[in-house]
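Need the 3D shape of this:
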Amino acid sequence: MKWTEHGNTFLGKNDFISAERCANFALFFKTSHGTRAQACLCKMFAEYEMGRSAAARREINEIKRLDSDLAKVRRT
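From the prediction side, this is the model:
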């Protein structure tokens with residue numbers, strides 16, 4: 001979870017390249033569904049902000065597969 005947290009910190013600083021790298025590192029080493037879904041979410045936001053919509057869509061599909069509750073969009 002440490003690398004995902006680092007990635008989220010970089011997302012907050014708008015350093016999307018570093019956020020994506022941290023998420024990739026987390027995905028490489030973490031195998032539990034919950035941790036993997038969180039890393040995919042971090043990676044998805046970074047890819048979206050860098051204009052990589054197709055890659056972001058792949059991450060969204062992976063998040064839906066791993067954790068459907070995390071993938072739900074809340075409408076107000």
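
Check the separation of the first and last residues in stretch 6-19.
From its first residue to its last, stretch 6-19 covers 7 Å (C-alpha to C-alpha, to the nearest Å).

so how far is that stretch off the chain centroid?
11 Å (C-alpha atoms, centre = their mean, to the nearest Å).

Buried residues in it, which are they?
6-8, 10-11, 16, 19 (16 or more other C-beta atoms under 10 Å). For glycine as for every other residue, the C-beta is placed from the backbone atoms N, C-alpha and C.

Low-confidence stretches in the chain?
31, 71, 73-76 (pLDDT under 70).

One more pass at 90, please.
1-2, 29-35, 63, 65-76 (pLDDT under 90).

all helices for it, in order.
2-12, 16-29, 33-49, 53-66, 68-71 (DSSP state H).

Go through the ones you listed and pick out the most buried.
helix 33-49 (a mean of 21; mean count of other C-beta atoms under 10 Å).

Which other helices and strands does that one contact?
helix 2-12, helix 16-29, helix 53-66, helix 68-71 (3 or more C-beta pairs under 8 Å, 6 or more residues apart in numbering; DSSP states H and E).

Touching the third one from outside, list them.
In this case it means helix 53-66. Contacting residues not belonging to helix 53-66 are listed as 33, 36-37, 40-41, 43-45, 47-48, 70-71 [C-beta atoms under 8 Å, 6 or more residues apart in numbering].

With distance to Ala54 added, can I get those in a markdown table?
Output for the contacts of helix 53-66, formatted as a markdown table (distance: C-beta to C-beta, whole Å):
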| residue | distance to Ala54 |
| --- | --- |
| His33 | 24 |
| Arg36 | 20 |
| Ala37 | 20 |
| Cys40 | 15 |
| Leu41 | 17 |
| Lys43 | 13 |
| Met44 | 12 |
| Phe45 | 15 |
| Glu47 | 9 |
| Tyr48 | 11 |
| Leu70 | 21 |
| Ala71 | 17 |
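
Check these and tell me the two furthest apart.
His33 and Tyr48 (22.0 Å; C-beta to C-beta).

Quick check: closest non-adjacent residue to Glu20.
Closest residue in space to Glu20, ignoring its immediate chain neighbours: Ala46 at 4.0 Å, by C-beta to C-beta, 6 or more residues apart in numbering.
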